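K.L.:
Provided below for reference: sequence and predicted model.
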Amino acid sequence: MLNSILNQAFEQYVFDRMDNILSIAGVVDAKYKQAVKEADSVLTQLMKIACELEAQHPELLRLVMEYEAATNHESVLAAEIVYREGILDSCGVRQEFATFMQKKMQGYHYPSTY
């Protein structure tokens with residue numbers, strides 16, 4: 001039961017942290033801000049064209065909307081995978097550093113104060 005509670009808490013932490021990071025990036029990261037702006041512009045153009053051609057190709061608007069949803073879902077999953085791997089990397093680096101320090105300290109003898 002504790003494991004289930006911890007898993008749920010971790011899942012929520014990952015989603016909240018990713019949302020926070022992307023919110024901050026949307027404000028302070030110029031490249032990310034530009035990429036979001038360009039993606040929005042392209043989507044707006046696609047939606048306009050799909051609406052104009054709706055009579056000739058009624059499936060086009062639905063396809064554009066499905067594509068947007070699919071690419072957003074893919075982006076969220078990619079960000080989640082990268083974030084989780086970052087957490088694992090950080091744990092691994094800490095563990096390696098602790099092992100390194102432990103080995104360094106095994107051969108070290110403190111000077112006597114007597």
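P.N.:
Okay, I see it. Residues are numbered from 1 along each chain as shown.
K.L.:
name the residue closest to the centre of the protein, please.
P.N.:
Residue closest to the mean C-alpha point of the chain, counted by CA atoms, centre = their mean, is A79 at 2.5 Å.
K.L.:
secondary structure element for K48?
P.N.:
Using DSSP states H and E, K48 maps to helix 30-52.
K.L.:
average pLDDT across that helix?
P.N.:
When pLDDT is averaged along helix 30-52, the result is 94.
K.L.:
what sits against the residue nearest to the centre of the chain?
P.N.:
Neighbouring residues of A79 by CB atoms under 8 Å, 6 or more residues apart in numbering: M18, L22. Where you see a C-beta, it was placed from the backbone N, CA and C, and this is true even at glycine.
K.L.:
show the pLDDT at it.
P.N.:
pLDDT, A79: 88.
K.L.:
need phi/psi at it.
P.N.:
Per-residue torsions, A79: phi -60, psi -40 (degrees, to the nearest 10).
K.L.:
do the same with G107
P.N.:
Residue torsions, per degrees, to the nearest 10, at G107 are phi -90, psi 0.
K.L.:
report all helices and strands that the one helix or strand M18 maps to contacts.
P.N.:
With elements taken from DSSP H and E, the one containing M18 is helix 2-28. For helix 2-28, the elements it packs on are helix 30-52, helix 58-106, judged by 3 or more CB pairs under 8 Å, 6 or more residues apart in numbering; DSSP states H and E.
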